[in-house]
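Novice: The following block contains a protein sequence and its predicted model.
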Amino acid sequence: MENFKTELDADGILLCTFDVPGKTMNTFTKSALADVEAIAARAKAEPEIKGVVITSGKTTGFCAGADLEEMIGGAWETSAGLTGEALLKANFDAAFEMNRVYRLLETCGKPVAVAINGLALGGGLELSLACHYRVLSNGPKVQVGLPEVKIGLFPGGGGSQRLPRLIGAQAALMAMSEGKSFKPQEALGAGIVDEVTDDDKVVEAAKTWIKTKGDAVARWDKKDFKIPGGGPYHPTGAQVFMAGNALLRKQSYGNYPAVLNLMHSVYEGLQLPFDTAIRVETRFFCKTLATPQAKAMIRTFFFSMQALGKGSGRPAGVAKADFGKVAILGAGMMGAGIAYVQAMAGIETILIDRDQESADKGKAHCEDLLKKQVSRGKMTPEKAQGILALITATPDYAAIEGADLVVEAVFENTELKEKVTKDAEARLYKGAKADTAMFGSNTSTIPISLLAKASQKADKFIGIHFFSPVDKMMLVEIIRGEHTSDETVAKAIDYALKIKKTPVVVNDSRGFFANRCFIPFTAEGMMMWAEGIAPAIVDNVGRMTGMPRGPLEMLDDVALDLMVKITAETAKAEGANYKPIPGEKEVARMVADGRYGRKNGKGFYDYPADKGGQKTLWEGTKSMFPATLTEADPKTVEELKKRLLYVQAVTAARCFEEGVITDPREADVGSILGWGFAPWSGGIVSLMDAIGIKEFVAELDRMEKAYGERFKAPQLLRDMAAKGETFYSRFGKTEAAKAA
Ligand code: NAI
């Protein structure tokens, strides 16, 4: 066998150690499945084998699931040249392989126990579920779960059948539809594993079970088996599906076919004998895999994120830079958040503000975040103290000397930023690091090339744009100014990776990529409000598109005063060309009246003082624009959804046309990590590709007439439509992407 080592002990227990050669982590490939089939055949055939224990030979974990590269790239190769029924059958057979092999193991006639000595996800946990007994290591990093929905799929290796039969439909559906991971004790409590013990004792515990209780028949194969909590035709079991359907709609607005198909698979499967149930599961799995949502989500959430997480956009030939000491200018909301993520990554951090009090306030924010980590049991108090000690809060610019990088995060104001750049660089470009140090601005919208004019070294001046809240948002936009060197870009990527963020590289333009695409979403929401569409409808429809919140809620989260500052900066820069957005004056009035958004509990919504309370729409919005649309029929809802999504997408297309962004993977990942763009679509570019560029252009033409120039299709889209191109075929950076 290629991937398993076997060892038969004196008690007749065959220990099978999963250890894929040349890989740091085990994944399931066709070859690994063939090995499991061989193990099952051997256990069945050899009378001296009394039982089987499966474990992993890797220190990284048990198994991370199916090898997606092989599954997506190669699994369908059997279907090449086939059409119609034959094609469907070939696809079914390819997708059924894991189910077929796991079932052989489960019915091999000998007790099979699994010693899960580390992380077991997806197909790795599904293999464990097909074993008759599960022992899990209690190591601190161990987790088990079926996260397939996160990439637009659902568990198709028997998971959607075995988990509900093991822990009940309700618990299983909740775990699978959220892709939840369980820590050892949680997994034991939920009934996913039978025993938890120390890492070095899992194999022994599995062997002991075989010797003392070993049972070769799965519970669902026993005559008296009953589904925990009842099946679909049981009075309580039936309610799970009724409530579950409603919950599903509420959570996902029908945007995720994988979750719907998961529900189908569980509902239908639970009414069938096991061998038929897994065939039904595979049918729904194939159906899911064929959706554009699954294809796009796998590409973005798996392949592209992995590539960007390794710094795929990094200019070649630059030695990897380290960041030992970094100074931050401005200890406000963003500066404090950046200080926290830096210290968490072990970087000595100088947090500077106008006076000691303001700087201390920023450090206190870091302390609060660390306390939360401690109270949640994620960090020891000593470790938290050590991290906090890395942060020095001071108003003294002299502390910048010796830093590798300055990150500027003062108010969004060009003159102020120019002034602090000059003051900080006088210290930064002095002493031992003078030649290697660099300067990054966290401006939300001001062009980097404009800010770089105040710099002594424009080649070392770059945009490093974080998203709020910094500790949670994974994206960092690296903005290349007119004179920024490749070396500086490469080093900025190194910095982003060091603080565990995902970098995307964009070229300079007002708002760069993320805010340029995101602001039209909030602006469209404001315009709808100004048109007389009730704010509740605006935000509900916003959420129905798959965005995490509606546009007005988002404005509150970002902060209304920041939006007003951004608008003022943009208006100043555009001069006579600036076209005010309906609703903009009213938002400015709200800010003047002290309504800054969520941060002070007053914006489009009123936020209760106690954090658990529900926010309510602020009554004042009604007098500003009396609502004329207070109920929306499905057609109107669809049109409003389209406006909110398409206005962002057409902006992304303009960014490609202008060269602001050049890699569709970066645009897709950036849109989801940066502003939560409808994850079901796989990202802003995948959305346009899935609609079809020709169809998208036709809709934009209609919407331009109906709503105005902001929907105008750029020439790039017309060219692509004429040539039948997609974004990935035209701009894809890898051969695989081009072929997609
Ligand atoms: P903030 O108002 O919370 O913090 C700004 C801080 O800069 C204040 O603490 C202020 O005292 C300090 N400051 C002002 N003048 C200074 C000086 N001369 N020296 C040192 N510190 C000085 O603002 P926030 O939200 O943290 O934004 C900061 C920057 O980050 C802005 O450019 C903003 O556009 C950008 N940004 C904001 C995001 C957001 O969601 N709030 C997201 C991404 C970027």
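Specialist: Arrived safely. Numbers count the residues shown, from 1 in each chain.

Novice: buried ones in stretch 580-592?
Specialist: Ile581, Gly583, Glu584, Glu586, Val587, Ala588, Met590, Val591 (16 or more other CB atoms under 10 Å). C-beta coordinates here come from the backbone N, C-alpha and C atoms, glycine included.

Novice: In contact with the first one, which residues?
Specialist: This points to Ile581. Ala523, Met526, Met527, Thr567 (CB atoms under 8 Å, 6 or more residues apart in numbering).

Novice: Out of the residues you listed, which sit inside helices?
Specialist: Ala523, Met526, Met527, Thr567 (DSSP state H).

Novice: Format those as JSON lines; extra columns: distance to the ligand, neighbour count and pLDDT.
Specialist: Output for these, formatted as JSON lines (distance: CB to the nearest ligand atom, whole Å; neighbours: other CB atoms under 10 Å; pLDDT from 0 to 100):
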{"residue": "Ala523", "distance to the ligand": "16", "neighbour count": "20", "pLDDT": "96"}
{"residue": "Met526", "distance to the ligand": "17", "neighbour count": "23", "pLDDT": "97"}
{"residue": "Met527", "distance to the ligand": "22", "neighbour count": "22", "pLDDT": "97"}
{"residue": "Thr567", "distance to the ligand": "12", "neighbour count": "20", "pLDDT": "89"}
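
Novice: I'd like the residues you listed laid out as TSV, including distance to Thr282.
Specialist: Output for the ones in helices among the contacts of Ile581, formatted as TSV (distance: CB to CB, whole Å):
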residue	distance to Thr282
Ala523	46
Met526	47
Met527	47
Thr567	53
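
Novice: which two from these end up farthest apart in space?
Specialist: Met527 and Thr567 (13.8 Å; CB to CB).

Novice: Go through the buried residues of stretch 580-592 and flag which are in strands.
Specialist: In strands, defined here by DSSP state E, there are no members of the buried residues of stretch 580-592.

Novice: what about the strands in the stretch 451-600 of the chain?
Specialist: 461-465, 475-480, 502-507 (DSSP state E, counting those that start in this stretch).

Novice: Out of the ones you listed, which one sits most buried?
Specialist: Highest mean neighbour count among the strands of the stretch 451-600 of the chain (mean count of other CB atoms under 10 Å): strand 461-465, with a mean of 27.

Novice: Would you list the strands that that strand pairs with, along with their directions?
Specialist: strand 438-441 (parallel), strand 475-480 (antiparallel) (DSSP bridges).

Novice: Count residues in the vicinity of Ala713, would you?
Specialist: 20 (other CB atoms under 10 Å).

Novice: Can you name the residues of the stretch 301-450 of the chain that neighbour the ligand?
Specialist: 329-335, 352-354, 358, 409-412, 416, 420, 442-444 (CB under 6 Å from any ligand atom).

Novice: go again using 5 Å as the cut-off
Specialist: 329-330, 332-334, 353-354, 358, 409-410, 412, 420, 442-444 (CB under 5 Å from any ligand atom).

Novice: ditto for the chain
Specialist: Residues of the chain lying near the ligand (CB under 5 Å from any ligand atom): 329-330, 332-334, 353-354, 358, 409-410, 412, 420, 442-444, 468.

Novice: which of these are buried?
Specialist: 329-330, 333-334, 353, 358, 409-410, 412, 420, 442-444, 468.

Novice: Which of these fall within helices?
Specialist: Per DSSP H, the subset of these in helices is Met333, Met334, Ser358, Val420.

Novice: Format those as TSV; extra columns: distance to Thr60.
Specialist: Listed next are these as TSV, based on distance: CB to CB, whole Å:
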residue	distance to Thr60
Met333	37
Met334	35
Ser358	44
Val420	44
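
Novice: and which of the residues you listed is nearest to Ser623?
Specialist: Met333 (30.2 Å).

Novice: thought Leu270 was touching Pro164?
Specialist: Yes - counting by CB atoms under 8 Å, Leu270 does reach Pro164; the two are 6.1 Å apart.

Novice: all strands of the stretch 151-300 of the chain, in order?
Specialist: So, for the stretch 151-300 of the chain - with DSSP E, counting those that start in this stretch - the strands run 181-182, 195-197.

Novice: For these, give me CSV that also has mean neighbour count and mean pLDDT.
Specialist: Formatted as CSV, those follow (neighbours: other CB atoms under 10 Å; pLDDT from 0 to 100):
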stretch, mean neighbour count, mean pLDDT
strand 181-182, 20, 96
strand 195-197, 18, 98
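
Novice: Looking at the strands of the stretch 451-600 of the chain, which is nearest to Phe274?
Specialist: Nearest of those (CB to CB): strand 502-507, 41.2 Å.

Novice: Can I get the closest one in PDB, CA atoms only?
Specialist: The C-alpha trace of strand 502-507 is given here as PDB (Å, rounded to 0.1, in the frame of the first residue of the first chain):
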ATOM      1  CA  THR A 502      -4.300  37.700   3.400                       C
ATOM      2  CA  PRO A 503      -2.800  40.300   1.200                       C
ATOM      3  CA  VAL A 504      -4.100  41.400  -2.200                       C
ATOM      4  CA  VAL A 505      -2.100  43.800  -4.300                       C
ATOM      5  CA  VAL A 506      -3.900  46.600  -6.100                       C
ATOM      6  CA  ASN A 507      -2.900  49.700  -8.000                       C
END
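
Novice: Relative to Val564, how far out is the residue of the chain found nearest the ligand?
Specialist: Distances between the chain and the ligand by CB to the nearest ligand atom are smallest at Gly332, namely 1.7 Å. As for Gly332, its distance to Val564 is 16 Å (criterion: CB to CB, to the nearest Å).

Novice: Arg314 too?
Specialist: For Arg314, the distance to Val564 - CB to CB - is 36 Å.

Novice: Same check on Gly324?
Specialist: In terms of CB to CB, Gly324 sits 38 Å off from Val564.

Novice: These two: who's more crowded?
Specialist: Between Gly324 and Val564, counted using other CB under 10 Å, the more crowded position is Val564 (18 against 12).

Novice: what's the more buried one in contact with, if anything?
Specialist: Contacts of Val564 by CB under 8 Å, 6+ apart are Val587, Ala588, Val591.

Novice: same thing with Ala169?
Specialist: Counted by CB under 8 Å, 6+ apart, Ala169 has contacts Ile227, Gly229, Gly231, Pro232, Gly237, Val240, Phe241, Gly244, Val266, Leu270.

Novice: Next: Lys602.
Specialist: Applying CB under 8 Å, 6+ apart, the residues near Lys602 are Gly594, Arg595, Tyr596, Trp618.
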